[in-house]
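[1] let me see the structure of the following:
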Amino acid sequence: MSSFFYTGIDSQGLRVVGEISASSEQDAQKCLESRGLTVRTLRAAGLPAASSAELSRETGHLVTAAIADAIHLEIPLSESLRALSLEMPRKRARDALLEAARRLEGGESLETALAPAWKSLPSGWPSLLQSCHEHGCLSAVLTAYTEWQNEEHDLRREMWSALAYPVILILLFWGLFALQACFISPILFEFYDELFFVERPAWQITSAIRLTPIHALLPILPFAALGLLAGVARLTLGPVRWWQMIHGLPFLGEIVVWHRLSESLRLLSAVVRLQIPLSQALGIVAQGSQDMALRRAWKETANSTAKGQGLPDALRTENIFPHGLLSFVHAGERQGTLPEALRTASDLYRARASLRLMFVRNVLPPITFLFVAMGIIGIVASTLVPLVSLIQGLT
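    Residues are numbered from 1 along each chain as shown. Okay, the predicted model is just below:
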């Protein structure tokens with residue numbers, strides 16, 4: 001016997017949702033019709049839906065935000081999902097919401113029904129959301145997730161705008177260097193070699209900057225070496241030490257730490273506001289953190305608070321948390337406004353990350369321009385110095 005989820009309309013026009021055991025889908029259909037039901041949907045339990053393909057990251061965020069809005073509405077979740085699907089600008093987002101509504105009507109659990117939409121979420125978040133649903137904080141966590149995803153999108157856009165000008169300059173320099181090494185320099189030096197009357201001392205000076213096509217790869221080698229070292233380090237160090245290494249990078253490490261800490265504090269504020277025990281709230285935050293070093297720190301903090309240690313003392317034992325965060329936590333616990341204090345700390349660290357990124361955006365382009373200008377001067381010199389030597393030889 002197999003199990004089948006079904007939805008139908010009874011003789012009084014009411015919608016009926018349930019599960020039935022039958023040897024085949026045809027037998028289940030006949031059995032339901034014998035009960036006076038008009039079958040609308042009938043699907044074997046555990047059968048994957050046609051639209052369960054993994055959504056893109058952006059579409060998944062769109063669907064998650066819609067689910068957060070649906071939970072706020074005081075109507076059944078399946079009906080609110082159907083209503084919100086009409087507002088989705090993307091077809092795959094509409095299909096995902098409709099499929100989630102059908103699965104919920106079929107009696108499936110929330111985690112199973114929303115699995116296609118949650119595949120696009122970061123690792124750990126599907127089980128996190130199921131845990132939040134059991135604790136009654138799913139709406140708050142989804143809202144916090146949507147907020148910091150929007151902020152992360154803004155931060156990435158700021159970062160790309162900060163890197164765009166330096167990257168364009170570097171690519172321009174590499175293009176000029178490759179043009180010089182592959183075409184201009186070989187032709188010029190072939191011409192110079194044929195001029196037998198060039199004085200030897202001058203030629204010894206100019207031969208030091210002779211460029212060949214193989215030299216066109218020189219500007220790429222530092223970046224290739226850095227990428228190779230980063231790949232080897234990520235494979236050998238493990239996720240926690242890898243993130244610790246990122247935290248130690250100048251400028252970039254501080255931006256990453258403050259941004260990820262801001263995300264975690266915002267999530268913690270939303271969960272604590274719902275009166276969930278602190279150790280469980282910290283466990284939820286640890287599960288949702290994408291920074292492995294920060295996740296380990298939140299787990300250790302959750303274990304310490306579960307043993308009866310205060311939150312400030314538990315945070316103090318982890319070096320990754322700034323000392324300023326302890327002041328916010330102390331003040332929040334003393335005044336009974338811990339969620340507000342955590343949200344304020346989250347906004348503070350988000351502002352710090354934005355300010356440091358603004359500093360990088362203001363300083364990096366001039367430094368890049370200086371090095372590129374020096375490189376272009378070297379390219380020009382590699383062309384003109386032999387010509388000057390030729391003129392000196394003629395005179």
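
[2] setting the sequence-adjacent residues aside, check what's closest to residue 146.
    With Cβ to Cβ, 6 or more residues apart in numbering as the measure, residue 65 is the residue that lies nearest to residue 146, at 4.5 Å, once sequence neighbours are left out. No exception for glycine: its C-beta is placed from N, CA and C like everyone else's.

[3] which element, helix or strand, includes that neighbour?
    Per DSSP states H and E: residue 65 is located in helix 57-72.

[4] please apply the same query to residue 341.
    Assigning secondary structure by DSSP H and E places residue 341 in helix 338-394.

[5] continuing past the one helix or strand in the chain whose mean pLDDT sits lowest, what's the next helix or strand?
    Ranked by mean pLDDT, DSSP states H and E, the weakest helix or strand in the chain is helix 200-206, scoring a mean of 43. Along the chain past helix 200-206, the next helix or strand (assigned with DSSP H and E) turns out to be helix 220-237.

[6] what does that next one contact?
    Outside of helix 220-237, the residues within contact range by Cβ atoms under 8 Å, 6 or more residues apart in numbering are 174, 242, 245.

[7] show the contacting residues for the closest residue to residue 326 other than its chain neighbours.
    Closest residue in space to residue 326, ignoring its immediate chain neighbours: residue 312 at 5.1 Å, by Cβ to Cβ, 6+ apart. Residues in contact with residue 312 (Cβ under 8 Å, 6+ apart) are 326, 329, 330, 333.

[8] before we move on, what about residue 254?
    Contacts here follow Cβ under 8 Å, 6+ apart; on that basis residue 254 touches 352, 353, 356.

[9] what about 10 Å?
    Counting by Cβ atoms under 10 Å, 6 or more residues apart in numbering, residue 254 touches 247, 248, 352, 353, 356, 357.

[10] pull out the buried residues from the residues you listed.
    When the contacts of residue 254 are checked for burial by 16 or more other Cβ atoms under 10 Å, the buried set is 247, 352, 353, 356, 357.

[11] can you lay out the residues you listed as TSV showing pLDDT and distance to residue 215?
    Formatted as TSV, the entries for these read as follows, by pLDDT from 0 to 100; distance: Cβ to Cβ, whole Å:
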residue	pLDDT	distance to residue 215
247	89	37
352	89	43
353	87	40
356	87	37
357	85	35
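
[12] mind putting those residues in TSV, distance to residue 297 included?
    What follows is those, written out as TSV (distance: Cβ to Cβ, whole Å):
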residue	distance to residue 297
247	11
352	18
353	18
356	21
357	23
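
[13] mind giving me the packing neighbours of the helix or strand harbouring residue 141?
    Secondary structure here is read from DSSP H and E; on that basis residue 141 sits in helix 138-179. With contacts defined as 3 or more Cβ pairs under 10 Å, 6 or more residues apart in numbering; DSSP states H and E, helix 138-179 has these neighbours: helix 57-72, helix 125-135, helix 220-237, helix 252-272, helix 278-288, helix 338-394.

[14] could you give the angle of the longest one to helix 278-288?
    Orientation of helix 338-394 against helix 278-288 (axes from the mean of the first three to the mean of the last three Cα atoms, to 10 degrees) gives an angle of 30 degrees.

[15] centre of the chain to helix 338-394, how far?
    Centroid separation for helix 338-394 versus its chain: 25 Å, with Cα atoms, centre = their mean, to the nearest Å.

[16] check the fifth one too.
    Average the C-alpha atoms of helix 278-288, do the same for its chain, and the two points are 20 Å apart (Cα atoms, centre = their mean).

[17] next secondary structure after that helix?
    Sequence-wise, the next helix or strand beyond helix 278-288 is helix 292-306, with elements assigned using DSSP H and E.

[18] how big is the angle separating that following helix from helix 278-288?
    Helix 292-306 runs at 170 degrees relative to helix 278-288, counting by the same axes, to 10 degrees.

[19] identify each buried residue in helix 292-306, please.
    Using 16+ other Cβ under 10 Å as the burial criterion, the residues of helix 292-306 that qualify are 292-302, 304-305.

[20] go on, stretch 315-335?
    When burial is assessed from 16+ other Cβ under 10 Å, stretch 315-335 yields the following buried residues: 315, 316, 320, 321, 322, 325, 326, 328, 329, 332.

[21] look up which helix or strand the last one falls in, please.
    Following DSSP H and E, the helix or strand that holds residue 332 is helix 323-335.

[22] what helices or strands is that helix leaning on?
    Helices and strands touching helix 323-335, as assessed by 3+ Cβ pairs under 10 Å, 6+ apart, comprise helix 252-272, helix 311-316, helix 338-394.

[23] could you tell me the least trusted of those helices?
    Taking the average pLDDT of each of the helices and strands packed on helix 323-335, the minimum falls on helix 338-394, with a mean of 82.

[24] which strands or helices does that one pack on?
    For helix 338-394, the elements it packs on are helix 138-179, helix 185-194, helix 200-206, helix 252-272, helix 323-335, judged by 3+ Cβ pairs under 10 Å, 6+ apart.
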